[in-house]
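# Structure, please.
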Amino acid sequence: MDEEKNLNESAADRVDAPEVAETPQVKDCKDLKLNYPQTLKVGLGFAVVMIFWTVYNFVVPLLLEQAFGFSNTIRNVIVGIASAMCMVLLPIFGGISDRSGRTKLGRRFGRRTPFIVIGTVITIVAMILVPISVSKQLTNSNAIRTQYQGFFEIEDGNIAITNPETGTPITRNELLASWYDEAENGNYSHLGKTDFEKLKSEHPDNTRDFYVSLYNPQVSNGKLMGVIGSATYSIRNVTYADGTFTLASKEDSVALSEEQYNTLNATATAYAQYVDDTANDFVSAAVNKEVNWGFFGFFLVALVLIILAQTVIRTPAVSLMPDVTPSPLRSPGNAMINLIGGVGGGIGFLIYTITFMFADKIPLSTQYWIIFGTMAASLALVLTLFILLVRERKMVEQCNAICREYGLPVYEEKEEEGKTKKKAKGNMFKAYGKKKITSFLLILGSIFMWFIGYYAIANNMPIYCVKILGVSTGLASIVSGASLVVAAIGFIPVGIMGRKIGRRWSIIFGFSLAIISYLLVAICVNKASDTATIIFMACYMVSGFGLIFANVNTLPMVLEVSSPEDIGRFTGIYYIATMSAQTIGPILGGLVMDYIGGSKALFIFSAACVALGAIMMLFVKHGEAPDFLSQQSARKEARAAKHSA
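Residues are numbered from 1 along each chain as shown. Prediction:
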């Protein structure tokens, strides 16, 4: 016992090892193994969360555009409601679930299970309200959108349509000419300043005529097939008769030679760069003029109800893993629930991807019935599995028995009430001490910075792919999907590595991979080419793999700072850092691209953000697992004894 005490006192003297002093009877945890089947089961709660958010993040912005024609600003504000609600409510529901063990439901089912079940049921019910609220609006909006999209896609630029901004007829040639003239007179509301200056530099002799003559020739994307080595090209024509625009079916596409394709593709690329965004805004303005605001109000109520239900679920679903997992195993445990969450995200991805693959054959309103109906059925199935397989109280009792055996922190329900009341009277962080809170804030700062760096690129990737690399958003989606596969492969070994070399150094190693990848893109990708596309794809996936190290290990570090009684509240605060950065990152990335230095500056900016996160992590002194710190101290003492001998 004296040797064990001396060992832990030595560990306590280390500036980065105060946890051992607070767990003075930590034993050798080499034989402590993660219960993988149990962790997979509790991960089902997180799978519920990821199915919803994967679909939400892709589908809801698209739905707001297609049904209501909102501008980018209004659409982002509405989508931002979710982030704002989550930032406020996640720590609140996390704290409530921490204290719910003494309630009737808590004593029977556990602290987290009731929140997961009730929140999912509400989500399923509210989800059916979404297609009900937008079906008729989608049908009306789609008819308007078809007409106005045809206006931009048909080759003849002298066919007139009503200008939604003025209510008067206008041809496409007249419309584009007015946008160009506005920019030339210093009004960049339709043709942005950066694009206008680039347009003039690339076409100095016939700038206005070139811009006015641009139209969308409906060229199919052969870029990815060109990279692979077997491309086929075609064009779908738009015809106009009796006031109606009609897009030819895929079966009626006209075959093109590669030379014809390249000629049209140059026009399509220029159209995408200079006209596409503003043309889409013009079409959306026409849709927005005819919105039924009663339908929108109904939709917004359903959306807010779903987001509320999801805030009830998320923190308890994530907190369940550390509740049933001993502290040294939380990095691989977090990797496992992220893996299950990735499976949930994959289910969500398949739901909307398969539906949109058949978009030409399915009415628009029916597409959203399929998406939300299938998602509701998927959530119901996963929830059923969770209810059948997860016995939270039994799992917590088993975890507590293991923790007592190894001298690790234990959640004691009987002691919780007094501690909770004491913390409720003042600042809950006072009980943790200045050093721990400093580390906690540094961890949060590091999380915030790497999330900003990642999302600055991830959310602007489609624009980067189209405008810089000259490829389609379809290829961007494939790259994004491939990065999810890389993540799924990497989660388990990354979790194990966190236990072997420590959480902090695992995170710093992952940050280094991301920084190098971003800088390589900034240095090596200067113009559109197949080589540039391949370099970007490789670096993007490597950077994503590097950031898995942070994704897997930062939450366990946050939980190590907290006590077992405050796991839910600290998890909620962790999500404040991630979701606020997820909101701010894309905005900052867009500003950097538009006003500082384009795509090169974007990748340098993201590399700098991740580097700042790495610097913060270097100064973190708390968050390692107790057994890892004990092993470090033992090795240090062994080396000291060897040198003294």
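# who are the neighbours in contact with residue 149?
245, 283 (Cβ atoms under 8 Å, 6 or more residues apart in numbering). From N, CA and C alone the C-beta is placed, and that goes for glycine too.
# Secondary structure element holding it?
Element membership for residue 149 (DSSP states H and E) is helix 113-153.
# now that helix: how far from the chain's centre is it?
On the basis of Cα atoms, centre = their mean, to the nearest Å, helix 113-153 sits 21 Å off its chain's mean C-alpha point.
# Moving C-terminal from that helix, which element do we reach first?
Reading on from helix 113-153 to the C-terminus, the next helix or strand found by DSSP H and E is strand 160-162.
# Partner strands of that next one and their direction?
Strand 160-162 has its sheet partners listed here by DSSP bridges as strand 169-171 (antiparallel).
# and the helix or strand just after the strand it pairs with, which residues are buried?
Where DSSP H and E defines the elements, the next helix or strand beyond strand 169-171 is helix 172-184. Of the residues in helix 172-184, 172, 175-177, 179-180, 183 count as buried by neighbour count, 16 or more other Cβ atoms under 10 Å.
# Check which helices and strands helix 172-184 is in contact with.
With contacts defined as 3 or more Cβ pairs under 8 Å, 6 or more residues apart in numbering; DSSP states H and E, the secondary structure elements packing on helix 172-184 are helix 193-202, helix 207-212.
# Of all those, which one is nearest residue 164?
Relative to residue 164, the nearest member of the helices and strands packed on helix 172-184 by Cβ to Cβ is helix 207-212, separated by 20.0 Å.
# Which elements pack onto the closest one?
In this structure, helix 207-212 packs against helix 172-184, helix 193-202, with contacts taken as 3+ Cβ pairs under 8 Å, 6+ apart.
# thinking again about what came up before, what would the buried residues of helix 172-184 look like in CSV with distance to residue 405?
Output for the buried residues of helix 172-184, formatted as CSV (distance: Cβ to Cβ, whole Å):
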residue, distance to residue 405
172, 76
175, 75
176, 75
177, 79
179, 72
180, 76
183, 72
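# ok so, going back, wait, which of the helices and strands packed on helix 172-184 is closest to residue 398?
Checking the helices and strands packed on helix 172-184 against residue 398 by Cβ to Cβ gives helix 193-202 as the closest, at 59.9 Å.
# now for the closest one, which elements pack on it?
Secondary structure elements in contact with helix 193-202, counted by 3+ Cβ pairs under 8 Å, 6+ apart, are helix 172-184, helix 207-212, helix 258-274.
# Show residues contacting it.
Around helix 193-202, the neighbours that count as contacts under Cβ under 8 Å, 6+ apart are 183-184, 188, 191, 207, 210-211, 273-274, 594, 598.
# Which of these has the largest number of neighbours?
Going through those with other Cβ atoms under 10 Å as the criterion, the one with the most neighbours is residue 274, at 25 neighbours.
# What separation is there between it and residue 581?
Here residue 274 is placed at a distance of 32 Å from residue 581 (Cβ to Cβ, to the nearest Å).
# if we can go back for a sec, so which of the helices and strands packed on helix 193-202 comes closest to residue 252?
Nearest to residue 252, of all those, is helix 258-274, at 17.0 Å by Cβ to Cβ.
# Residue 432 against residue 441, yeah?
No: with contact defined as Cβ atoms under 8 Å, residue 432 does not reach residue 441; the gap is 11.2 Å.
# what's the closest of the helices and strands packed on helix 193-202 to residue 489?
Closest among the helices and strands packed on helix 193-202, using Cβ to Cβ: helix 258-274, at 33.6 Å.
# Going by neighbour count, which residues of that closest one are buried?
In terms of neighbour count (16+ other Cβ under 10 Å), helix 258-274 has its buried residues at 261, 264-265, 267-274.
# name the helices or strands packed onto that helix?
Using 3+ Cβ pairs under 8 Å, 6+ apart, helix 258-274 is in contact with helix 193-202.
# where among the helices and strands packed on helix 207-212 is the average confidence lowest?
Averaged per stretch, pLDDT over the helices and strands packed on helix 207-212 is lowest on helix 193-202, reaching a mean of 89.
# So which bits of it are buried?
The neighbour-count criterion (16+ other Cβ under 10 Å) identifies 195-196, 199 as the buried residues of helix 193-202.
# What segments of the stretch 201-350 of the chain are strands?
Taking DSSP state E, counting those that start in this stretch to define them, one finds strands in the stretch 201-350 of the chain at 234-235, 238-241, 244-247, 254-255.
# would you list these in a markdown table and tack on distance to residue 345 and mean pLDDT?
Supplementary listing: the strands of the stretch 201-350 of the chain in a markdown table, determined by distance: least, Cβ to Cβ, whole Å; pLDDT from 0 to 100:
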| stretch | distance to residue 345 | mean pLDDT |
| --- | --- | --- |
| strand 234-235 | 33 | 81 |
| strand 238-241 | 36 | 86 |
| strand 244-247 | 33 | 84 |
| strand 254-255 | 38 | 81 |
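# Run the angle between the helix or strand hosting residue 52 and helix 113-153 for me.
Using DSSP H and E, residue 52 falls within helix 44-63. With axes from the mean of the first three to the mean of the last three Cα atoms, to 10 degrees as the criterion, the two stretches helix 44-63 and helix 113-153 enclose an angle of 20 degrees.
# next structured bit after helix 44-63?
In the C-terminal direction, the helix or strand that comes right after helix 44-63 (DSSP H and E) is helix 72-99.
# hmm, who's touching the very next helix or strand once past that following helix?
The C-terminal neighbour of helix 72-99 among helices and strands, as given by DSSP H and E, is helix 104-109. Residues external to helix 104-109 that are found in contact with it (Cβ under 8 Å, 6+ apart): 100-101, 114, 117, 392-393.
# Which one of those residues is nearest to residue 490?
If you rank those by distance to residue 490 using Cβ to Cβ, residue 392 comes first, at 28.7 Å.
# Apart from its neighbours in sequence, what residue is nearest that closest one?
Excluding its sequence neighbours, the residue lying closest to residue 392 (Cβ to Cβ, 6 or more residues apart in numbering) is residue 110, at 2.9 Å.
# Just give the number of residues close to the one you found.
Residue 110 - counted by other Cβ under 10 Å - has 25 other residues nearby.
# quick one: it from residue 374, how far?
With distances defined as Cβ to Cβ, the gap from residue 110 to residue 374 amounts to 30 Å.
# residues of stretch 273-286 that come out buried?
For stretch 273-286, a neighbour-count test (16+ other Cβ under 10 Å) marks 273-280, 282-286 as buried.
# taking those one by one, which sit in helices?
Taking DSSP state H as the definition of helices, those contribute 273-274, 276-280, 282-286.
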